[in-house]
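Engineer: this is a predicted model, with the sequence first.
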Amino acid sequence: MQTQASRRWPASAIVVAVVLSLLLAIAGTASVFGFVNAGRLREENRTLQERVTATESRIEDLEAALAAAEGQGTETDSFGGLGDLLGGLLSGGENGDLGALDDLLGGLLGETGNLDDLFGDLGGGLDMQSIGQCLTTPPGAFTIGEASLHEQVDDIAAAVEELRDLRFQGEIDPVFVTPEEMSERVRALATEDYPPAVAELETRLWVALRMLPEGFDLLDEQLDLLEGAVAGYYDPDSQELVVASLAGEEPLGAADQVTLAHELIHALTDSRLGFPDSLDDPAADPERARAIQALIEGDATLGMQQFSMGAIDLFDQFGMMLDPRFAASQQDLADFPYLLSNSLQLPYFEGMSFACALHADGGWDRVDEAYDDPPTTTVEILFPELYFAGWEPAEPLNGGDPGTDWTLLDDIGTGGAIGFGAVDLLYLFSAPGDDTHAALADARERTRAWGGGLAKVWSRGEETAVLLSLVDGNTGDHRLCDSLSAWELSAFGADEANVIIDCREDNVLVAIAPDQATATDVLG
């Protein structure tokens, strides 16, 4: 996971951490898809069927362990029907047909349902057919030794160098810690690097927009989620690479190998290409920071995926999704507001799609070039064709001011204004009032109209006033005025008088305040 000032996820020190449930979901499902596309499924069929039979008792043990950890007894259907589902899958696999894979994943994911439910609206850009075309590593391309942890580190580092066509400049010395120690490290790093002023601004903004409940403690809630979610991180300040492993000093299993590969890619690209300077700037605009975040994480996630395809056999791809840590971490994500869980997904899913578009345009060299000319808006991440076209956002209107008794929160951004991007609109449209059942139709496509945006937040004691100023770029089939009007009705209801939407040709201003007069002043 990556973080940034005004960031949903605090601490630039864990700017390149990887979240366990997302890693396993991507590494398992996309690599399985890659195996199918590569025509390897029939070749693997006999071995897989033998190993499925041999592992039935192990699956039962994993189910019991997971159920006990969740305090639900020993009856669970989290991984139920694996043998039958695999049998159905193995009877398919022709011409890229996934056969019963959707049913298999539904069984593995339990109550989270299918891939659409897991990835959510932010995963809407994760076109598995397109991603499959980026999985160019032949299965079996990398051999990772099993004799010792040291041997594995060397083998994985060599594999990462080969697939990214870059070379480490110094010795690779990752640190392996227990999951408990990882939680302690993450909490310490995040607490250190998340200024209270940033937490206050973000909390007030998203509570006013009805994406977080009143009284929500954004900092503590984020720390609680991060504690159990992070599987590894790379600290660009100290160049320390840390991976949580259940194996201790023993050789790594498949999931921990993939985690290590992900973080090694971060270390490699940082040493050879350099991360943009704004990642270290606590006053950096969050919109630019999240776009850069998606580039960096998308690079590592796509590279991780190519490593997984070339180093981890098909059976172990399924095995990663049987890891009890996966189901536990996925449940943790489901327990938090939509904004938090989906902000966490953005750099992985959308970033990987963006990196794949770069890779399709010119291989890893094209990805490398993007570090010198990174995207500056999340609309470019959601719609890479805008990045390729050299698209630039327009300047939004500044709006008004609620009065001298109000304080503009200006610790980040420029002049008290921070970027409000396409992905922010995607959060609003996908879960108005933090309710996914109220999502606007074509939520993702509606964000294509974003042509620029800013947010301002004022405080007066416990009261908050907010201005959103957006530019309609007149792209796509939806107009921002219509979309934001539909969002207001869904999130606030028809009788909310303290929310005003003012459409001025290509400019759309949204004011939220304790009373209508103040909201009018905010519009200017």
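Structural biologist: Structure's in. What do you need?

Engineer: mind listing what's buried along stretch 162-170?
Structural biologist: 162, 163, 164, 166 (16 or more other C-beta atoms under 10 Å). Where you see a C-beta, it was placed from the backbone N, CA and C, and this is true even at glycine.

Engineer: what lies in contact with stretch 209-222?
Structural biologist: Residues from elsewhere that reach stretch 209-222, judged by C-beta atoms under 8 Å, 6 or more residues apart in numbering: 8-10, 190-191, 194, 196, 199, 202-203, 206-207, 336-340, 427-428, 431-434, 466, 491-492, 512.

Engineer: check which helix or strand the residue positioned nearest the centre of the chain maps to.
Structural biologist: Centroid-nearest residue in the chain, with C-alpha atoms, centre = their mean: residue 345, separated by 2.1 Å. Using DSSP states H and E, residue 345 sits in helix 338-372.

Engineer: average pLDDT for that helix?
Structural biologist: Helix 338-372 shows a mean pLDDT of 91.

Engineer: quick one: mean pLDDT over the helix or strand just after that helix.
Structural biologist: Per DSSP H and E, the first helix or strand lying C-terminal to helix 338-372 is helix 378-382. Helix 378-382 carries an average pLDDT of 96.

Engineer: following helix 378-382, which helix or strand comes up?
Structural biologist: helix 384-388.

Engineer: mind listing the strands for the stretch 101-250 of the chain?
Structural biologist: 175-177, 230-235, 240-244 (DSSP state E, counting those that start in this stretch).

Engineer: from what I can see residue 163 touches residue 303, true?
Structural biologist: Yes - counting by C-beta atoms under 8 Å, residue 163 touches residue 303, with 6.1 Å between them.

Engineer: related to what we said a few turns ago, what's the closest of the buried residues of stretch 162-170 to residue 183?
Structural biologist: residue 164 (29.7 Å; C-beta to C-beta).

Engineer: which residues sit in contact with that closest one?
Structural biologist: 265, 268, 269, 303, 364.

Engineer: the second one is in contact with residue 163, isn't it?
Structural biologist: No - with contact taken as C-beta under 8 Å, residue 268 and residue 163 are classed as non-touching, separated by 10.2 Å.

Engineer: ok so, going back, list buried residues within the contacts of stretch 209-222.
Structural biologist: For the contacts of stretch 209-222, buried by 16+ other C-beta under 10 Å: 8-10, 190, 194, 199, 202-203, 206-207, 336-340, 427-428, 431-434, 466, 491-492, 512.

Engineer: for this structure, which helix or strand comes out least confident on mean pLDDT?
Structural biologist: Lowest on mean pLDDT, DSSP states H and E among the helices and strands of the chain sits helix 82-90, with a mean of 42.

Engineer: picking up where we left off before, now, the contacts of stretch 209-222 that are in helices?
Structural biologist: Among the contacts of stretch 209-222, the residues falling in helices (DSSP state H) are 190-191, 196, 199, 202-203, 206-207, 338-340, 427-428, 491-492.

Engineer: with distance to residue 370 and pLDDT added, can I get the buried residues of stretch 162-170 in JSON lines?
Structural biologist: Listed next are those as JSON lines, based on distance: C-beta to C-beta, whole Å; pLDDT from 0 to 100:
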{"residue": "162", "distance to residue 370": "21", "pLDDT": "96"}
{"residue": "163", "distance to residue 370": "17", "pLDDT": "94"}
{"residue": "164", "distance to residue 370": "13", "pLDDT": "95"}
{"residue": "166", "distance to residue 370": "14", "pLDDT": "96"}
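
Engineer: what's the closest of those residues to residue 308?
Structural biologist: residue 163 (10.6 Å).

Engineer: got a list of what the closest one touches?
Structural biologist: 137, 303, 306, 307, 310, 364.

Engineer: widest-spaced pair of the residues you listed?
Structural biologist: The widest separation within the contacts of residue 163 (C-beta to C-beta) is 14.2 Å, between 310 and 364.

Engineer: higher neighbour count, the two?
Structural biologist: Of the pair residue 310 and residue 364, residue 310 is the one with more neighbours under other C-beta atoms under 10 Å, namely 22 against 19.

Engineer: and the gap between that one and residue 240?
Structural biologist: Plainly put, residue 310 is 27 Å away from residue 240 if you go by C-beta to C-beta, to the nearest Å.

Engineer: next: residue 226.
Structural biologist: 17 Å.

Engineer: ok, the two, which is more surrounded?
Structural biologist: Neighbour totals were compared for residue 226 and residue 240, and residue 226 leads with 26 against 15 (other C-beta under 10 Å).

Engineer: I'd like to know how many residues surround the spatially closest residue to the more buried one that is not a sequence neighbour.
Structural biologist: Once flanking residues are discounted, residue 226 sits nearest to residue 186: 5.1 Å by C-beta to C-beta, 6 or more residues apart in numbering. Around residue 186 there are 24 other residues, counting by other C-beta under 10 Å.

Engineer: same question for the one 3 residues further on.
Structural biologist: When neighbours are counted by other C-beta under 10 Å, residue 189 registers 23.

Engineer: please apply the same query to residue 151.
Structural biologist: 13.

Engineer: so who does the nearest residue to it once chain neighbours are set aside touch?
Structural biologist: Excluding its sequence neighbours, the residue lying closest to residue 151 (C-beta to C-beta, 6+ apart) is residue 145, at 4.1 Å. Shown in contact with residue 145 (C-beta under 8 Å, 6+ apart): 151, 152, 155, 251.

Engineer: by neighbour count, which of those wins?
Structural biologist: residue 152 (20 neighbours).

Engineer: distance of that one relative to residue 253?
Structural biologist: Counting by C-beta to C-beta, the gap from residue 152 to residue 253 is 10 Å.

Engineer: domains of this structure?
Structural biologist: According to automatic domain parsing, the chain is divided into the following domains: 12-378, 407-523.

Engineer: in CSV, list the ones you listed along with distance to residue 393.
Structural biologist: Output for the domains of the chain, formatted as CSV (distance: least, C-beta to C-beta, whole Å):
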stretch, distance to residue 393
domain 12-378, 6
domain 407-523, 4
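
Engineer: minimum distance to residue 385: which of these has it?
Structural biologist: Of the domains of the chain, nearest to residue 385 by C-beta to C-beta is domain 12-378, at 8.0 Å.

Engineer: residues contacting the nearest residue to residue 148 once chain neighbours are set aside?
Structural biologist: Nearest non-adjacent residue to residue 148, counting by C-beta to C-beta, 6+ apart: residue 251, 6.4 Å away. Listed by C-beta under 8 Å, 6+ apart, the contact partners of residue 251 are 145, 146, 147, 148, 149, 151, 152.

Engineer: go with 10 Å
Structural biologist: By C-beta atoms under 10 Å, 6 or more residues apart in numbering, the contact set of residue 251 is 144, 145, 146, 147, 148, 149, 150, 151, 152, 245, 257.

Engineer: any chance of those residues in CSV, plus distance to residue 454?
Structural biologist: Output for the contacts of residue 251, formatted as CSV (distance: C-beta to C-beta, whole Å):
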residue, distance to residue 454
144, 48
145, 52
146, 53
147, 56
148, 54
149, 49
150, 51
151, 52
152, 48
245, 43
257, 43
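
Engineer: distance from the strand or helix carrying residue 308 to the middle of the chain?
Structural biologist: According to DSSP H and E, residue 308 maps onto helix 286-311. Helix 286-311 has its average C-alpha position 10 Å from the chain's average C-alpha position, going by C-alpha atoms, centre = their mean, to the nearest Å.

Engineer: which helix or strand lies directly C-terminal to it?
Structural biologist: helix 314-321.

Engineer: counting by contacts, list what that next one packs against.
Structural biologist: Applying 3 or more C-beta pairs under 10 Å, 6 or more residues apart in numbering; DSSP states H and E, one finds that helix 314-321 makes contact with helix 20-37, helix 41-54, helix 56-69, helix 82-90, helix 101-109, helix 254-272, helix 286-311, helix 324-334.
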